[in-house]
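Novice: Can you look at this prediction? I've put the sequence above it.
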Amino acid sequence: MKNKNWLKLASIYIGTVIGAGFASGQEIMQFFIVFGYKGLFGIILATFLFSILGSSVLLNVYRNKIDGYEKFLTPIFGKSLGKITEIIIIIFLLAGYCVMLAGSGAIFKEQFNISYNIGIYLMALVTLITFLFNIKGLSTVNTILVPILLLGVILTGGISILKNGFQISNFSGGEIAKTSHWIISSILYVSYNSITTVVIMSSLLPIISDKKTALKGGIFGGLGLGVLALFIGVPLLGYTTDINGLEVPMLKIAENLGNNGSLLYGIILWGAMFTTALSNGFGFIKRISSLLKVNQPIFSIIFCISAIPIARIGFTKLIITIYPLFGYLGFIIFVFIVGRFFIKEFKNYIKKIK
């Protein structure tokens, strides 16, 4: 039987990145579609960068037998700066998990007309069950859910394109603020997602069987993210007027699926939140339980229960407060990782030709 671990790696990578902002269309709108058709070039560039980021991190993990993100960051930043960076990342992981719990509550209330608290409790429960199975649970859930999410997004975007044709944009009035070039925006978007990528990829050594597996996992994970972004971005280009100001633009696109389109996409969005909550929560639990030398399953229970009060602060408030700060940190990490990767590969190449 052929080694399929690269598929597990790619699925975990996609599941880590495709959270509420991605699947809702909000991130794709703000980072790419605000630039019109040039945003599609931005998505293509981001796809390439995601593949480089994923493969370079996984290859580094395999070569140096890294089993935690702290061991990945220390050689890059040094001990002192590495510790500061780790503290910030720990806070980010906790906040990211709470944001996904809050997002689950918002979806249950707005899309399913069910209590906000029930949405939070359910997300906390299903993530806890997964955490109890450690890496195997994380791998299994992502391997099952990510293909479903891919199919759901491609189906939604594809039907919209077939029904309405390929439109560059129908935006004619008002303004969507954009503060940078599409190339810069594309780089920032990948950087913004680099924190959770490093954290989760650094924990996947047990399923990285060889160098080829590491490279394929990163490359195909990046390509999968690119496909998802295109099937979200292209339909959004034709609906710019209709979606301007909406918090979940893809729900408007999902109306092309019929009367229950928005409801079906609400389920897809919840699934995307679930995979991201797993990534953030798993990274936090693994590191803190190791630092405190406590039983990981017991700490998982404590963590999930403790996150519920924070999640009640609200989805939008948490995003506005937390995400901008970590975008800058992510950019620094991204530059260091990719820079070191190319420098190391160049040195290896020089040694071979001498």
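Specialist: Alright, I've got the coordinates.

Novice: ranges for the strands of this protein?
Specialist: Ranges of strands in the chain, per DSSP state E: none exist.

Novice: Pretty sure T275 sits against I148.
Specialist: No. Counting by CB atoms under 8 Å, T275 stays clear of I148, with 10.3 Å between them. (Glycine included, C-beta is placed from N, CA and C.)

Novice: Can you pick out the residue with more neighbours from the two?
Specialist: It is T275, of T275 and I148, that has more neighbours when counted by other CB atoms under 10 Å, with 26 against 12.

Novice: quick one: that one and S11, what's the gap?
Specialist: Distance of T275 to S11, given as CB to CB, to the nearest Å: 9 Å.

Novice: Which neighbours do those two have in common?
Specialist: Contact with both T275 and S11 is made by residues N142, V146, according to CB atoms under 8 Å, 6 or more residues apart in numbering.

Novice: Neighbours of S203, how many?
Specialist: Neighbours of S203 under the rule other CB under 10 Å: 24.

Novice: Show the contacting residues for it.
Specialist: Neighbour list for S203: D67, G68, Y69, I135, F282, G283, K286 [criterion: CB under 8 Å, 6+ apart].

Novice: can you list those in JSON lines and add distance to I44 and pLDDT?
Specialist: Putting the contacts of S203 into JSON lines (distance: CB to CB, whole Å; pLDDT from 0 to 100) gives the following:
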{"residue": "D67", "distance to I44": "34", "pLDDT": "85"}
{"residue": "G68", "distance to I44": "33", "pLDDT": "84"}
{"residue": "Y69", "distance to I44": "29", "pLDDT": "84"}
{"residue": "I135", "distance to I44": "32", "pLDDT": "89"}
{"residue": "F282", "distance to I44": "30", "pLDDT": "94"}
{"residue": "G283", "distance to I44": "29", "pLDDT": "91"}
{"residue": "K286", "distance to I44": "34", "pLDDT": "91"}
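
Novice: Between the residues you listed, which sits nearest L155?
Specialist: Minimum distance to L155 across those is 28.5 Å, recorded for F282 (CB to CB).

Novice: Find the nearest non-adjacent residue to that closest one, please.
Specialist: Distance criterion CB to CB, 6 or more residues apart in numbering; nearest residue to F282, sequence neighbours excluded, is L138 at 5.5 Å.

Novice: per-residue confidence at I298?
Specialist: On the pLDDT scale, I298 is placed at 95.

Novice: number of nearby residues for it?
Specialist: 10.

Novice: same deal with the one 3 residues further on?
Specialist: The number of residues packed around I301, counting by other CB under 10 Å, is 13.

Novice: State the distance from K38 to L205.
Specialist: 39 Å.

Novice: just for the chain, where's the confidence low?
Specialist: The chain contains residues with pLDDT under 70 at 1-2, 165-180, 241-247, 314-329, 341, 345-346, 349, 354.

Novice: Now do the contacts for G158.
Specialist: F231.

Novice: how much space between it and Y239?
Specialist: For G158, the distance to Y239 - CB to CB - is 15 Å.

Novice: Same check on G283?
Specialist: Remark: distance between G283 and Y239 (CB to CB) = 35 Å.

Novice: quick one, which of these two is more surrounded?
Specialist: Taking other CB under 10 Å, G283 and Y239 do not tie; G283 has more neighbours (28 against 24).

Novice: Now that one. Nearest residue, chain neighbours left out?
Specialist: For G283, the closest residue by CB to CB, 6+ apart turns out to be V199, at 3.8 Å.

Novice: isn't I33 right next to L237, touching?
Specialist: Yes. Counting by CB under 8 Å, I33 does reach L237; the two are 6.0 Å apart.

Novice: Mutual contacts of the two, please.
Specialist: Common neighbours of I33 and L237, using CB under 8 Å, 6+ apart, are G39.

Novice: which of the two has more neighbours?
Specialist: I33 (29 against 21).

Novice: Now for that one: which residues touch it?
Specialist: G39, G233, L236, L237, T240.

Novice: which of those residues are buried?
Specialist: Buried residues within the contacts of I33, counting neighbours by 16 or more other CB atoms under 10 Å: G39, G233, L236, L237, T240.
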